[in-house]
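Trainee: Quick one: sequence and predicted model below, then my questions.
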Amino acid sequence: MSKQQDATATPPDDAPRTRPAPAPDGTAPQLSRRRLLGTVGAAGAAGLVVGGAGGALGASAAQGDAPAALTTLGSTEVAFRTAGAKHQAGITTPLQASGHLVAFDLAPGAGRKEAAALLRRWSQTARELMAGRTPQADTDVALDAGPSSLTVTFGLGRGFFDRTGLTARRPVQLDPLPAFSNDALDPRRSDGDLWIQIGADDALVAFHALRTLQKEAAGAARLRWQMNGFNRTPGATARPMTARNLMGQVDGTNNPKPSDPDFDRRIFVGADTAQEWMRGGSYAVVRRIRMLLDDWEQRSRTEQERVIGRRKDSGAPLTGGTETTPMKLDATGPDGLPVIPADAHARIAAPEANQGAAMLRRPFSFHDGFRDDGAPDAGLLFVCWQADPLRAFTQIQRKLDRGDALSPFLRHEASGLYAVPPAPSDGDYVAQPLLEG
Ligand SMILES: C=CC1=C(C)c2cc3[nH]c(cc4nc(cc5[nH]c(cc1n2)c(C)c5CCC(=O)O)C(CCC(=O)O)=C4C)c(C)c3C=C
Ligand SMILES: [Fe+2]
């Protein structure tokens, strides 16, 4: 299995898995799994195994019906419901190379019944796509690609509850985020009744999922906004390492780890919630943060490192050691000043400075071309996960907003907050207990 690395180390029960190797005798199968499913359907294909770790079969679609062999990257599959846990995939899953974030509003006239039917349809399609199966009447965009670590994660925005007559059951955690001084939010690219996060290690697989789900929304929900992002391709570096962002920083180092004793309590909604349907779920905060790269790139490396409090090359704290060495926040230099400056981003965002508040950051970079002034329209699709946004994102962003050295190089241009219910059991759909309860 490919060993993809980001700061969200994958827990054993959440590990993406590769499909078994193809035929034991090494002979090429006759039809690709996707191709077969497109002709005889999922049930008929259940016993067929195609693709595998070696990638040695080497046939291409251009050679007629011969199968396209899957590499480890293409054959890696993530379970729709995380084994041994209740949450949806795409939260603790390692960062994927390609991502789409998309929000929909329920269509005029659509209510609870239509929302339930849509979420039933979407949940089943997500299961199929994540397993590498495609719909019967398909565009064939991802025909030869395999699951490629595809994840599809569904969330509900504040408006969903009004539109479905469930306002009384809306969690307080979906109360609007406060305004921050660096906000330049575009309401047309913010919020939305329904939100989907799509990630995959193959850009065609990610697009295919996006397009399939968009078509399935027809009549029930209308596209509100959509954003595209990317990360380093897994396997590009010989040694797995934490991702870099478009400012060149190692980003994700001090994320909470699933092995931390309080990880679940911080990231997932616990049994003590009044919203029983959210147990095992999480809240996602999404921000489109444009980076002012023309300004940033004029700063010296030393200045840039003091903005974060960490070295650019290794991600190690300015107080020394390696990437994983804890920051010595009270260390002072010969001038008597803190080695990690008082306004360094990592100092201000640290749990120690925020009553223990922590979130799981799982972003994608974005680049949407260049603005009229020639500056890149690029930055971070910041997605963070927490059990309680007020005590995590809002707490930390308030602090950053008051004097973080990174903030002058950033503009928050879009914002969303979504309740992401636990993954449904087989045959059920996301948010079923809410909609049918
Ligand atoms: C409100 C929360 C945060 C926003 C918004 C945010 C934006 C943002 N951050 C970086 C780059 C880095 N952030 C780093 C650490 C870090 N950032 C946050 C929170 C927000 N960041 C936290 C909670 C932490 C961890 C602090 C700690 O415990 O040490 C780092 C350092 C490496 C790491 O730990 O990940 C970098 C680099 C950018 C570029 C950005 C907006 C575009
Ligand atoms: Fe940060």
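Mentor: Structure received. Quick caveat: nothing in here was measured; it's all calculated off a predicted structure. Ligands and ions are numbered 1, 2, ... in the order given.

Trainee: ok, A200 touching A206?
Mentor: Yes. A200 is within contact range of A206, at 4.0 Å (criterion: CB atoms under 8 Å). For the C-beta atoms, the positions are set from N, CA and C on the backbone; glycine is no exception.

Trainee: More neighbours: the two, which one.
Mentor: A200 (32 against 28; other CB atoms under 10 Å).

Trainee: Going along the chain, name the helices of the stretch 1-150 of the chain.
Mentor: 33-40, 42-45, 72-75, 112-130 (DSSP state H, counting those that start in this stretch).

Trainee: Out of those helices, which gets the lowest mean score?
Mentor: Among these, helix 42-45 carries the lowest mean pLDDT, at a mean of 28.

Trainee: isn't there a helix covering R265?
Mentor: Yes. Counting by DSSP: H, G, I helix; E, B strand; the rest coil, R265 falls inside a helix.

Trainee: Check the spacing between the nearest residue to it once chain neighbours are set aside and ligand 1 real quick.
Mentor: Excluding its sequence neighbours, the residue lying closest to R265 (CB to CB, 6 or more residues apart in numbering) is A387, at 6.7 Å. A387 sits 15 Å away from ligand 1, going by CB to the nearest ligand atom, to the nearest Å.

Trainee: try D401
Mentor: Taken as CB to the nearest ligand atom, the span from D401 to ligand 1 is 9 Å.

Trainee: and if you look at D201?
Mentor: 22 Å.

Trainee: residues touching that residue, list them.
Mentor: For D201, the contact set (CB atoms under 8 Å, 6 or more residues apart in numbering) comprises 2, 4, 73-74, 76, 96-98, 148-149, 233-234.

Trainee: Out of these, give me the two with the largest separation.
Mentor: S2 and S98 (14.8 Å; CB to CB).

Trainee: out of the two, which sits in the more crowded spot?
Mentor: Neighbour totals were compared for S2 and S98, and S98 leads with 23 against 19 (other CB under 10 Å).

Trainee: Now for the more buried one: which residues touch it?
Mentor: With CB under 8 Å, 6+ apart, S98 has these contacts: 199-203, 205-207, 229-231.

Trainee: who wins for most neighbours among those residues?
Mentor: A200 (32 neighbours).

Trainee: Pairing-wise in the sheet, spell out the partners of it.
Mentor: S98 (DSSP bridges).

Trainee: go on, N228?
Mentor: Bridge pairing for N228 - DSSP bridges - gives H100.

Trainee: pretty sure it is in contact with H100, am I right?
Mentor: Yes. Using CB under 8 Å, N228 is in contact with H100, at 5.6 Å.

Trainee: More neighbours: which of those two?
Mentor: Between N228 and H100, H100 has the larger neighbour count (other CB under 10 Å), namely 24 against 19.

Trainee: The more buried one contacts H208, doesn't it?
Mentor: No. Counting by CB under 8 Å, H100 stays clear of H208, with 10.5 Å between them.

Trainee: can you tell if stretch 329-338 touches ligand 1?
Mentor: No. If you take CB under 6 Å from any ligand atom as the test, stretch 329-338 misses ligand 1, and the best it gets is 9.5 Å.

Trainee: Kindly export that stretch (C-alpha atoms) in PDB.
Mentor: Extracted C-alpha coordinates of stretch 329-338, given in PDB (Å, rounded to 0.1, in the frame of the first residue of the first chain):
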ATOM      1  CA  LEU A 329       8.100  29.000  23.800                       C
ATOM      2  CA  ASP A 330       9.900  30.600  26.800                       C
ATOM      3  CA  ALA A 331      13.500  30.400  25.300                       C
ATOM      4  CA  THR A 332      15.100  33.800  24.800                       C
ATOM      5  CA  GLY A 333      18.100  34.800  22.700                       C
ATOM      6  CA  PRO A 334      21.200  36.800  23.600                       C
ATOM      7  CA  ASP A 335      19.100  40.000  23.100                       C
ATOM      8  CA  GLY A 336      16.700  38.800  25.800                       C
ATOM      9  CA  LEU A 337      13.900  38.500  23.300                       C
ATOM     10  CA  PRO A 338      11.900  35.300  22.700                       C
END
